[in-house]
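[1] I would like to see how this sequence folds:
(one chain, ligands or ions: 2)
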Amino acid sequence: MAPAAPAAGRVIWFTGLSGAGKSTLASALYERLSAQGVAAELLDGDAVRENLSKGLGFSKADRDTNVRRIAFVAGLLARHGVTVLVSAISPYRDTRDAVLAELPNASEVFVDAPLTVVTERDVKGLYLKAIAGEIAHFTGVSDPYEAPLTPALHLRTDLLSVDECLQQLTTLAGLREQVTA
Ligand SMILES: Nc1ncnc2c1ncn2[C@@H]1O[C@H](COP(=O)(O)OS(=O)(=O)O)[C@@H](OP(=O)(O)O)[C@H]1O
Ligand SMILES: Nc1ncnc2c1ncn2[C@@H]1O[C@H](COP(=O)(O)OP(=O)(O)O)[C@@H](O)[C@H]1O
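    Numbers count the residues shown, from 1 in each chain. Ligands and ions are numbered 1, 2, ... in the order given. The predicted model follows:
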């Protein structure tokens, strides 16, 4: 008898401005999933752009291509039972909605902090450059970000700690609460 196919995995799609906290939260959730024996994979914007989307820029067409590529790979992984954590700015609502609708079990997580806060954080020093006009089409500064209208989760990372966000993500992912000693 052929072995049973694994149950389909799910896709948790983190969207938000640069510096809002997508990578931080996706990595933290990945650690928690792994600790509980759940097969998981991270598709992070930076790593994707180094590999799968190398050479793409930040025009709407290129961002949409990037998002569609990520969704394609996420769908393949999920089909084999993997829980896929995507973190990408994915700024355009129409494209996000379209790819999320095509994925069988996808949840959109809006990682949200005001522009003033992400500019203050300036994790990679890019906002300073964007404001100085040294980076064109920078999301939130000189390029649009269209916030989700009905996300599965809306996390205000300027108001909640990483642990508080992770608690909500744990529930969304259907994980047990982690008991800390
Ligand atoms: N013009 C412009 N606008 C926004 N972001 C820029 C830009 N140029 C470079 N970067 C860096 O690229 C990262 C965003 O890549 P993404 O693949 O997530 O973007 S997108 O979903 O295709 O819009 C983003 O990473 P994160 O900070 O992790 O979001 C930035 O570090
Ligand atoms: N509640 C929170 N959730 C996620 N990140 C937070 C939170 N509060 C503060 N931060 C900080 O904000 C920054 C977010 O950076 P990062 O995860 O790289 O953002 P992004 O992947 O969206 O570009 C990190 O320095 C992180 O420590």
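[2] Give me the contact status of the lowest-mean-pLDDT helix or strand in the chain with ligand 1.
    In the chain, the helix or strand scored least confidently by mean pLDDT, DSSP states H and E is helix 45-50, which has a mean of 95. Yes: interface with ligand 1: helix 45-50 contributes Gly45, Asp46, Arg49 (Cβ under 6 Å from any ligand atom). In this view, the C-beta of every residue, glycine as well, is placed from N, C-alpha and C.
[3] touching ligand 2 at all, that helix?
    No: judged by Cβ under 6 Å from any ligand atom, helix 45-50 stays clear of ligand 2, getting no closer than 7.2 Å.
[4] For this protein, which residues are neighbours of ligand 2?
    Listed as neighbours of ligand 2 in the chain under the rule Cβ under 6 Å from any ligand atom: 16, 18-25, 87, 111, 121, 123, 157, 160-162, 165.
[5] try 8 Å this time
    14, 16-27, 44-45, 87, 89, 111, 113, 118, 121, 123-124, 155, 157-158, 160-162, 164-165 (Cβ under 8 Å from any ligand atom).
[6] Could I have the buried ones of these as ChimeraX selection syntax?
    Buried residues among the residues of the chain next to ligand 2 (16 or more other Cβ atoms under 10 Å), as a ChimeraX selection:
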select :14,16,17,18,19,20,21,22,23,24,25,26,44,45,87,89,111,113,118,121,155,157,165
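[7] Of the residues of the chain next to ligand 2, which belong to helices?
    Lys22, Ser23, Thr24, Leu25, Ala26, Ser27, Gly45, Val118, Arg121, Val162, Glu164, Cys165 (DSSP state H).
[8] quick one: which of those residues is nearest Val141?
    The shortest gap between Val141 and any of these belongs to Val118, at 9.9 Å (Cβ to Cβ).
[9] Apart from its chain neighbours, what residue comes closest to the closest one?
    With sequence-adjacent residues excluded and distances taken as Cβ to Cβ, 6 or more residues apart in numbering, Val118 is closest to Gly19, at 3.8 Å.
[10] shouldn't the one you found be in contact with Lys124?
    Yes: counting by Cβ atoms under 8 Å, Lys124 is a contact partner of Gly19 at 7.5 Å.
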